[in-house]
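Asker: I need the structure of the sequence given here:
(one chain, ligands or ions: 1)
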Amino acid sequence: MLNTCPMVAEHTDVRTGLGLKEIKRDFLDNLFYLQARFPEVANINDFYQALSYTVRDRLLEHWVRSARMFKNTAARTVCYFSAEYMLGPQLGANLMSLGITAQVRQAMRELGVDYDALLEYEPEPGLGNGGLGRLAACFMDSLATLRIPAIGYGIRYEFGIFRQEIHEGWQVECSDRWLANGNPWEIRRPTIIFDVNFGGHTEHYTDDDGRYRVRWLPAQQVRGVAYDTPILGYRVGSANLLRLWVAEAVESFDLAAFNIGDYYGAVADKISSEVITKVLYPNDEPAAGKALRLSQQYLMVSCSLRDMIRIHLQVPGKTLHDLDEKYAVQLNDTHPALAIPELMRILLDDHLLPWDDAWEITTKMFSFTNHTLLPEAQELWPLPLFRKMLPRHAELVFEINYRFLNDVRLRYPSAHDRVSHLSLIDEYGEKSLRMANLACVGSHAINGVSALHTDLLKRSLLHDFYDLWPEKFSNKTNGVTPRRFLQLDNPALSQLITDNMGDEWTRNLDELRKLEPLATDSAFQQEWAAVKRNNKARLADRVRRDSGIILDPDWLFDIHVKRIHEYKRQHLNVLHIVSRYLSLKQGKVTDPVPRVFLFGGKAAPGYHKAKLIIKLINSVAEVINRDPDVNQYMHVAYLPNFCVKEAQFIYPAADLSEQISVAGKEASGTGIMKLAMNGALTIGTRDGANLEVRDEVGKDNFFQFGMDVDEVHALLGKGYHPRDMVELNSALRSALDLIANGHFSGGNSGLFRPLTDSLLNHDSFMVLADYASYIEAQADVDKLRRNSAEWTRKSILNTARTGKFSSDRTIRDYCQDIWQVSPVEVGI
Ligand code: 26Q
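Answerer: Predicted structure coming up:
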């Protein structure tokens, strides 16, 4: 009906038209009406905002149409619950999905606006720590592209992951003010609000109809307000919704307090409410004692579930009994697992469903993904804290546990140990709630994120649950979106691929296999190598601009980018670098292959050893880069503030991808996939998804080294003595001695001792045990590099064989095996 109104139709043209004229007109309109600027005085932020709104105008149409479609369809909707989303910059990605990058570039050129400068200017929403948050963003991209109705629910942190600066080799954390200049991609929904209870106590009573009831009398209420961001599918004319919650005060001023003159007391409540979604927690902090983190989680799940119920009940004839038919909820790790008792509370207390009905709906709706085996990373909430903040949920968790353990005892009448392992409550020391156990009990499906990880979950962390419910377990190997990580980040390689085989690969990554015959074509090899060289030059320019280090794009680019963690073993890489340095210094190498060692990644602010590893890398870099005996053959550089935006210059420039975690610790790893797609060869252990990448690309096209999981366990079983490794290997001893004795720290032999001592005395991540094998694999890298045609052939094959690692495949697997959902046609 709206379209028949002539005024609206005319208006719509400027705001939705894809021609140059309409884009330019809308851009100038937005500059004027939204920024109140004319071009002569506009600054880069004005231009960025105006352009983003111009793009948003064009995507809203898709978004609103999809929303209407999803509302009217009976199709099941996926709700992805995640405390983290690492979306990355939106402008370029949205233009690519709409297919209007060329027009927009041209329009900007004609208006004299530097489009690339706007891309560079755009801040990114870094609402995550690393892999888990980025996976959620890749999944949102694939869900939209596959036309699966989906809502991503999460938290809109005012401060995302900190910005990393490097000062004198040390990491310095700066606050991430990503919202400071406004966020054109989100829409605040002041009417989509939920008041969330905290604290207080419960009362059990019998109501007028003689029913047993529980009411929760909270001590505090906080309001969750929805902020929506559209997630466009790639060239499908539809979009999904990312709905993030912000905490606000229920009343901005506590009037009672105000009236008795306590003005500051009144404002304090506003502040204590709003603090809840202020900042993303780093992933090193033990959950225990972090009341704020618990309130973040509860705010998110309570608002999200109540929002889903609100949407569901809008459809005439729908009741809560069909809730699980309408929605499949995926819990991204245990962070949103409070959703299980919260849904029970809503169904039992607010809607008076019987326990068994409520429990059936709950378990049919939820499924759970585990992302880590590390014992220290399992979420545990101390019961006193939990009970104080969520008294009703504490009762429900006990009831769930009571019923669950009764079933367990019936099945295993005399297995006391088993019962205590399965219990939702950890009774050792301070009693605490085991979130992973809660997630397993409340879900009908449980998955790991790589074949090896799922296998290890079954064998160790969740063994007792696997024994109980083998049918609940499955593997869903992670994937990454090729739209961002190949097409957007590496336009030159994408163009080369498309020129040779068309662009079907952008929708179906398995099509890349068609590159295989070209791998031995020497003309194609040359073009491939030229693209790689240009990408390396592009990265080298940024490094020179940021740190003054000059890199030669003809050298091998060896890249190690990911969060800094001992299990990921950046220090193993350093030991190789130091050994190489020593060999060169001692004149032992006759024909060195020149190499650039690049590192990037953030260390959790409280993780001192990880921060010391950053300092070590920078200290080694300083000595090597200025030593004329070696600096014609090797350089080392730290790329500060590794994030989705920086990554776009890094992945396409990699020759070699370092994936060297100790076997059994990296659940999956997704960086390996992004790098291999961009034609990097991997040097990697038999850990996480590395094994699957090796199997896909072929073991001849992959540098594998180190112990496998069984060897790691065997060595631990017989007693691992890291000093034995040093006894056996003089190169290793020399490298460690050089670091320990202050060669890289201006003679300060104390600086790196915490690292070298921990390697020599414990070496919990078996760095020294894998050293010799790593050095051998690195020698193989050098050997292959001397044959550049062979290297390029393998590089092409790596890209060609990464089809499996598209997150489209992962999402299809979830749809089929767990969510039971199928695509809904919206139509362009
Ligand atoms: C927990 C409690 C309190 C505060 C923070 C946290 C917290 C936050 C984030 C714990 C863990 C995380 C993130 C974990 C993560 O990113 N895991 C990675 O997930 C990837 C996607 O599945 C895998 O590829 C990686 O192997 C895994 O390390």
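
Asker: residue contacts, the residue of the stretch 151-300 of the chain found nearest the ligand?
Answerer: With Cβ to the nearest ligand atom as the measure, Asn283 is the residue of the stretch 151-300 of the chain nearest to the ligand, at 3.6 Å. Heads up, the C-betas are built off the backbone N, CA and C, glycines and all. Contact analysis of Asn283 by Cβ atoms under 8 Å, 6 or more residues apart in numbering lists Asn129, Gly130, Ala377, Arg563, Ala604.

Asker: Drop anything exposed from those residues.
Answerer: Asn129, Gly130, Arg563, Ala604 (16 or more other Cβ atoms under 10 Å).

Asker: Now for those: which two are most distant?
Answerer: Greatest spatial distance in the buried ones among the contacts of Asn283: Gly130 and Ala604, 9.9 Å, computed using Cβ to Cβ.

Asker: Now for these two: what residues contact both?
Answerer: Overlap of the contact sets of Gly130 and Ala604 (by Cβ under 8 Å, 6+ apart) consists of Asn283, Arg563.

Asker: where do the helices sit along the stretch 151-300 of the chain?
Answerer: According to DSSP state H, counting those that start in this stretch, the stretch 151-300 of the chain carries its helices in the segments 255-259, 263-274, 291-314.

Asker: actually the stretch 351-500 of the chain, not the one I wrote
Answerer: Using DSSP H, counting those that start in this stretch, helices in the stretch 351-500 of the chain cover 355-365, 383-389, 391-411, 416-422, 435-441, 451-459, 463-468, 482, 491-501.

Asker: and among those helices, the most buried is which?
Answerer: Highest mean neighbour count of those: helix 482, a mean of 30 (counted as mean count of other Cβ atoms under 10 Å).

Asker: Show me the contact partners of that helix.
Answerer: Trp505, Thr506, Leu509, Met677, Ser806, Asp808.

Asker: wait, what's in contact with the fifth one?
Answerer: Contacts were defined as Cβ under 8 Å, 6+ apart; by that measure Ser806 touches Ser142, Gly479, Val480, Thr481, Pro482, Leu509.

Asker: distance of the fifth one from Val561?
Answerer: The one in question is Pro482. 18 Å (Cβ to Cβ, to the nearest Å).

Asker: again with the last one
Answerer: For Leu509, the distance to Val561 (Cβ to Cβ) stands at 22 Å.

Asker: Which one's more surrounded, these two?
Answerer: Leu509 (24 against 21; other Cβ atoms under 10 Å).

Asker: Please verify my assumption that that one contacts Thr810.
Answerer: No. Look at Leu509 against Thr810 with Cβ atoms under 8 Å: they stay out of range, at 11.3 Å.

Asker: ok, back up a step: columns secondary structure, distance to the ligand and pLDDT on top of the buried ones among the contacts of Asn283, output as JSON lines?
Answerer: As requested, the buried ones among the contacts of Asn283 are exported to JSON lines (DSSP: H, G, I helix; E, B strand; the rest coil; distance: Cβ to the nearest ligand atom, whole Å; pLDDT from 0 to 100):
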{"residue": "Asn129", "secondary structure": "coil", "distance to the ligand": "4", "pLDDT": "97"}
{"residue": "Gly130", "secondary structure": "coil", "distance to the ligand": "4", "pLDDT": "96"}
{"residue": "Arg563", "secondary structure": "coil", "distance to the ligand": "7", "pLDDT": "98"}
{"residue": "Ala604", "secondary structure": "coil", "distance to the ligand": "9", "pLDDT": "96"}
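
Asker: What is the nearest of the residues you listed to Met501?
Answerer: When those are compared against Met501 (criterion: Cβ to Cβ), the nearest one is Gly130, at 33.3 Å.

Asker: Please name the residues that touch the closest one.
Answerer: By Cβ under 8 Å, 6+ apart, Gly130 lies in contact with Met86, Asn283, Lys562, Arg563, Lys602.

Asker: try Val767
Answerer: Contacts of Val767 (Cβ under 8 Å, 6+ apart): Arg569, His571, Leu572, Leu575, Val662, Leu759.

Asker: which pair in those spans the largest distance?
Answerer: Between any two of the contacts of Val767 (Cβ to Cβ), the greatest distance is 13.7 Å, for Leu575 and Val662.

Asker: so after the longest helix seen in the chain, what's the next helix or strand?
Answerer: In the chain, with assignment by DSSP state H, the single longest helix is helix 44-72. Sequence order places strand 77-81 as the next helix or strand after helix 44-72, per DSSP states H and E.

Asker: List the strands paired with that next one, with their directions.
Answerer: strand 150-155 (parallel), strand 327-332 (parallel) (DSSP bridges).

Asker: pLDDT averaged over the helix or strand that it is followed by - what is it?
Answerer: Scanning forward in sequence from strand 77-81 by DSSP H and E, the next helix or strand is strand 85-86. Per-residue pLDDT over strand 85-86 has a mean of 98.

Asker: now do stretch 417-432
Answerer: pLDDT averaged over stretch 417-432 gives 95.

Asker: From start to finish, how long is it in a straight line?
Answerer: End-to-end distance for stretch 417-432, by Cα to Cα, to the nearest Å: 17 Å.

Asker: switch to numbering from 23
Answerer: With 23 as the first residue, the last one maps to stretch 439-454.

Asker: contacts for that stretch?
Answerer: Contacts for stretch 439-454 (Cβ under 8 Å, 6+ apart): 310, 402-406, 408, 419-420, 422-423, 426-427, 430-431, 434, 455-456, 459-460, 463, 486-487, 490.

Asker: With stretch 229-237 instead?
Answerer: Thr224, Glu225, His226, Tyr227, Thr228, Leu370, Asp371, Leu374, Arg414, Glu417.

Asker: List the contacts of the host helix or strand of Val596.
Answerer: Element membership of Val596, judged by DSSP H and E, is helix 592-607. Identification of contacts with helix 592-607 by Cβ under 8 Å, 6+ apart yields 582, 586, 611, 614, 617, 619, 621, 623, 635, 638-639, 642, 645-646, 649, 651-652, 655-656, 658, 680, 682, 753-754, 756-758, 760-761, 777, 781, 789, 792-793, 796-797, 800.
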